[in-house]
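> next come a sequence and a model predicted from it.
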Amino acid sequence: MAKKVILGAFAVISFGIVVLSVVVAMQSAELKVTRSLDINAPSDRIFEQVNDFHKWDAWSPWAKLDPNMKTTFSGADSGVGASYAWTGNDEVGEGKMTIKNTHPPKYLAIDLEFIKPFEAKNLTQFDFKAMGEKTNVTWTMVGKKNFVMKAFCLVMDMDKAIGADFEKGLAQLKTVAETAPPQ
């Protein structure tokens, strides 16, 4: 009798694992998070804040999460080829960004590589649309979700989590760009 109960429990658990695996596998492999904000500053002033990693500490939503975070800069000072690497606590993890493409002052693309707490490679894009005295800034991250990331996304809304960081960063970028002296 105990043997039948154990086998029955094993069958139910195995079936649950198979069903969960199918549900996870059927999730979209696409990851896309995007947020926009109008900023009362010319696009070239805002572009310069994003195009130079040395200026990110003033507005990045992650810069102040770990006061002991170690950062390194390499490659060009700004623009294509500029790189920024970081390693820090559990909130910021470890990774590297490299500017791969720019069309000043309208567009900037960054290769984003997360190393910890999980490995991932994504493309981050900033679009700057001049609208008279204002500029609409759109921050987008796109990437592919592997099986583990798909499973994680069943319990964690990545758009909400990352989107909140993008909103905070854009608000801080707005403050910096609107108070920066004209160039």
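Right, received. Where do you want to start? Numbers count the residues shown, from 1 in each chain.
> after the lowest-mean-pLDDT helix or strand in the chain comes which helix or strand?
In the chain, the helix or strand scored least confidently by mean pLDDT, DSSP states H and E is helix 147-155, which has a mean of 57. Next in sequence after helix 147-155, counting helices and strands by DSSP states H and E, comes helix 158-179.
> give me the most central residue, this structure.
Nearest to the mean C-alpha position of the chain, by CA atoms, centre = their mean, lies Met141 at 5.6 Å.
> quick one: secondary structure of it?
For Met141, the assignment made with DSSP: H, G, I helix; E, B strand; the rest coil gives strand.
> these two touch, right, Ala63 and Trp56?
Yes: counting by CB atoms under 8 Å, Ala63 touches Trp56, with 6.4 Å between them. To be clear about C-beta, it is placed using only N, CA and C from the backbone, and glycine gets the same treatment.
> now do the helices in the protein.
Along the chain, the segments classed as helices by DSSP state H run 2-25, 43-51, 147-155, 158-179.
> where among these is the average confidence lowest?
Sorting the helices of the chain by mean pLDDT places helix 147-155 lowest, at a mean of 57.
> the residue nearest to the centre of the chain touches Phe114, doesn't it?
No: with contact defined as CB under 8 Å, Met141 does not reach Phe114; the gap is 10.7 Å.
> find the residues that touch each one of the two.
Common neighbours of Met141 and Phe114, counting by CB atoms under 8 Å, 6 or more residues apart in numbering, are Asn122.
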